[in-house]
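*Asks:* need a structure here:
(chains A, B and C)
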Amino acid sequence: MSFSTNMRFKFPILAIVLQIVIIILFGVFVKYDTHDHSGPHNSTHEDNTFLNLYPLFQDVHVMIFVGFGFLMTFLKRYGFSSVGINLLIAAFGLQWGILMQGLWHLHGGKIEIGILKMINADFSTATVLISFGAVLGKTSPVQMLLMAIIEITIFACNEHLAGYLGASDTGASMTIHAFGAYFGLAAAAVLYRPGLKNGHENEGSVYHSDLFAMIGTLFLWMFWPSFNSAIADPGLNQEMAIVNTYFSLAACVLTAFAISSLVEHKGKLDMVHIQNATLAGGVAVGTCADMNIGPFGAMIIGFIAGIISTLGFKFLTVGIQQTKR
Amino acid sequence: MSFSTNMRFKFPILAIVLQIVIIILFGVFVKYDTHDHSGPHNSTHEDNTFLNLYPLFQDVHVMIFVGFGFLMTFLKRYGFSSVGINLLIAAFGLQWGILMQGLWHLHGGKIEIGILKMINADFSTATVLISFGAVLGKTSPVQMLLMAIIEITIFACNEHLAGYLGASDTGASMTIHAFGAYFGLAAAAVLYRPGLKNGHENEGSVYHSDLFAMIGTLFLWMFWPSFNSAIADPGLNQEMAIVNTYFSLAACVLTAFAISSLVEHKGKLDMVHIQNATLAGGVAVGTCADMNIGPFGAMIIGFIAGIISTLGFKFLTVGIQQTKR
Amino acid sequence: MSFSTNMRFKFPILAIVLQIVIIILFGVFVKYDTHDHSGPHNSTHEDNTFLNLYPLFQDVHVMIFVGFGFLMTFLKRYGFSSVGINLLIAAFGLQWGILMQGLWHLHGGKIEIGILKMINADFSTATVLISFGAVLGKTSPVQMLLMAIIEITIFACNEHLAGYLGASDTGASMTIHAFGAYFGLAAAAVLYRPGLKNGHENEGSVYHSDLFAMIGTLFLWMFWPSFNSAIADPGLNQEMAIVNTYFSLAACVLTAFAISSLVEHKGKLDMVHIQNATLAGGVAVGTCADMNIGPFGAMIIGFIAGIISTLGFKFLTVGIQQTKR
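*Replies:* A predicted model of the protein is given here:
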């Protein structure tokens, strides 16, 4: 992972200045969420809330750092930088996300950190990491950090606006919807990027790079139910979000494999189709995951997502590549 | 991952037809398990049940998709297809498993999906994935899908029969036993398959393939306590299942390393021994994991499993290979 | 992974004798912790305790077996032996740790196994695995097993002493401190070991070895909040331990990337810096993780840890290498 020489001072100075600014802002604005323990609720119930959601937070954490990090390693040239820069951007993004999202919801002039704030901070990095996929290898770490600042700030505003427009009780649900819509658009930008397979020159590397990329794919695929349910309303809504995402993802795998095998030369499966299309089931069901759409409704969404995503990737990519010639 | 040309239409048509049939059956039979929230129990307790077991479900999920997927990557030739086809078969199998297991336990003509149903659906794929190891590279995806249909249907019947024969209160326990017995037989078929090491031609690939396979091995090894305890009776039985599996697996590692070093030429360790034998501890303790066998009882089971599995693998494999000459 | 011929009988005999001794000691001293269920507490609450902490235990388990196992794979020559021997030593160490720690806390002459005992057993292996990094490739499995016996015995005594010196209510906290201090010293021994990069001869291997090592790094980085909080007092202290570690680690990433880019030739990032320095944030905040240091206090600790660790690694390593010439 090498930076051009003119980066030598720009990047370290920017990174350290940003970190110092964040520490100062944290010193002024951020404190622990201790209301859980001094409020009218009994403490046992609230302890459970933090620890009950902590495994879902860790699942999301694995998706952000392992999932997105390794998803891009099939681009051999950018393999390590993918995982390394992914770590840098996400570690910065979650701090910035705490501040940007928190400033819209101050309590007594303070941002109070609990498990939901941490989950949302991880979420806010996801949009950046997805855009990151589209520009991989074309931008410097300095540009990536600046992109993260802008994108997370806009994301936090969108999210606040979504919550503001919705009725108070559906606020949480609207947040997911706004996120899901944004996420879907960003995902599309990644899925249909041109020249994705040009890095595949050395067969041996492809073999191992594909396996590394499958680590990313699988952890995203497996933990997507946690992603879609982590900030849902507790109880039945949260459980429906888990169940719906589970079945949508399962249905999506079958159609993605089927369509990939159909459109590829000689019925070969294209692993990039598999990777992208299997995830389409999680993205597509995201906006209505916590609703009573029924397990079969979730499956229909996954079924269609698998088809559209694979066809879209196949023909849009080919179209773009032909245009470029 | 390439299919022969005559597969071009067979596989996609089968996959899509199966998925459509499953969606229709889900539309007719499957709904969310909402009893938790409207029943006589208070909702907080039941919410906890779903979220309390959700981390164990995710551990099992990781075992199925990452564990079994990467376990077979040491067969270099089938590396990606191992992980990819594993995903296809498991994603189909869990949907089919929900239906086959659920049809034996209808409530008002419906299958009600909760966290235990999801764990059992993942379980039902495990038997197929293990058989999959024995036929890797010899069967087409079409054959794999058909095998999954047949095997999961039989598994669901066996499981129901086990529950039917047992007294009502030990039903859950019997289910585990039946599963464990089945599992053990299937595991044996994998462990002692001939020609396992013939793929090891290129030293460089072996090095990396071994590391990929260790990802599978370790996630299976680490999360086996969740596998053996996820559907155990809550409370002490579930805790004993976790503790017993934890110690059986630990004891098994030492004897597997010891015996492997003893029987190999010049005291070299054979990594395939390590992989298979370490897992034997989890399989062997599976049938009595939730019983009061004592931590030292669990260790004795792991101790013996490590010895038998490594010796069996060494001498049965050699025998078969000599027979073939 | 090959042993010299004189190892042929030493290692298997030692391993099997040790395992038999442990099984006998377990038969005499170890039983399940059933107090939870027969005590004055209601059983639902206590069930929750085991299952509430179980996900944190599994995070620690992943750190021990995947995290430490893969962290060392960047030393290509020792790649598989790193993951394999790590498994051997940790599986032995956790059994020995249960005995050594438990003998100081007998209840009616028995060691009662619950989830906290299992977490502590995993912890006790961490010190050995860290020392293991410093001697990788220089010691035989026999020496490693003997080292594990000695080191875990001393660790258990230190831990007991720390608990004895502290006031009763801060016992748990003191245990973490003692562990943290020990851990820090051991970590330093690893971080500043000479000749770390000499294995990097083949560019192709470096690429893949770096990715394997990043698997270790990321699982350690992601789950460190679980490591620092798993045995903290339930409630606010445990939550502060999670929040503090989360932010310390995030801040540490930025300064480690910045300093690495600054001190390296032409602003190149050294991946070994990234790996070690990012973890420094977790180690540094470990001793005070469950205290009310504020999120910004945790960030300052991570900020400084990232700088010191990267500078230390760069200049101490270089110094040692020059001395050797």
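*Asks:* all helices for chain A, in order.
*Replies:* The residue ranges that make up the helices of chain A, judged by DSSP state H, are A:7-29, A:35-38, A:43-62, A:68-71, A:79-102, A:115-135, A:141-165, A:171-191, A:203-229, A:236-263, A:271-286, A:294-324.
*Asks:* would a markdown table of the ones you listed with distance to residue B:126, mean neighbour count and mean pLDDT be doable?
*Replies:* Placement of C-beta: from N, CA and C, glycine included. Listed next are these as a markdown table, based on distance: least, C-beta to C-beta, whole Å; neighbours: other C-beta atoms under 10 Å in any protein chain shown; pLDDT from 0 to 100:
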| stretch | distance to residue B:126 | mean neighbour count | mean pLDDT |
| --- | --- | --- | --- |
| helix A:7-29 | 46 | 18 | 88 |
| helix A:35-38 | 39 | 15 | 50 |
| helix A:43-62 | 21 | 22 | 77 |
| helix A:68-71 | 25 | 27 | 86 |
| helix A:79-102 | 30 | 25 | 87 |
| helix A:115-135 | 31 | 22 | 83 |
| helix A:141-165 | 40 | 18 | 81 |
| helix A:171-191 | 31 | 19 | 52 |
| helix A:203-229 | 15 | 24 | 81 |
| helix A:236-263 | 15 | 27 | 89 |
| helix A:271-286 | 20 | 26 | 78 |
| helix A:294-324 | 22 | 20 | 76 |
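*Asks:* Let me have those helices in CSV, extended by distance to residue B:250.
*Replies:* Putting those into CSV (distance: least, C-beta to C-beta, whole Å) gives the following:
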stretch, distance to residue B:250
helix A:7-29, 42
helix A:35-38, 37
helix A:43-62, 24
helix A:68-71, 29
helix A:79-102, 31
helix A:115-135, 32
helix A:141-165, 43
helix A:171-191, 42
helix A:203-229, 26
helix A:236-263, 32
helix A:271-286, 35
helix A:294-324, 39
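*Asks:* Now residue A:31: closest residue in space, sequence neighbours ignored.
*Replies:* Excluding its sequence neighbours, the residue lying closest to residue A:31 (C-beta to C-beta, 6 or more residues apart in numbering or on different chains) is residue A:110, at 5.1 Å.
*Asks:* shouldn't residue A:15 be in contact with residue A:146?
*Replies:* No - the criterion here is C-beta atoms under 8 Å, and residue A:15 misses it with residue A:146 at 11.5 Å.
*Asks:* where's the residue nearest to residue A:223 when sequence neighbours are not counted relative to residue C:58, distance?
*Replies:* Nearest-residue entry for residue A:223: residue A:59, 4.0 Å, with adjacent residues in sequence omitted and distances by C-beta to C-beta, 6+ apart. Residue A:59 sits 12 Å away from residue C:58, taking C-beta to C-beta, to the nearest Å as the criterion.
*Asks:* Could you do residue A:275 as well?
*Replies:* The gap separating residue A:275 from residue C:58 is 26 Å, by C-beta to C-beta.
*Asks:* swap in residue A:145?
*Replies:* For residue A:145, the distance to residue C:58 (C-beta to C-beta) stands at 34 Å.
*Asks:* Check residue A:106 too.
*Replies:* Counting by C-beta to C-beta, the gap between residue A:106 and residue C:58 amounts to 36 Å.
*Asks:* same check, this time on residue A:211
*Replies:* As judged by C-beta to C-beta, residue A:211 and residue C:58 stand 24 Å apart.
*Asks:* quick one: residue A:309 from residue A:249, how far?
*Replies:* Here residue A:309 is placed at a distance of 12 Å from residue A:249 (C-beta to C-beta).
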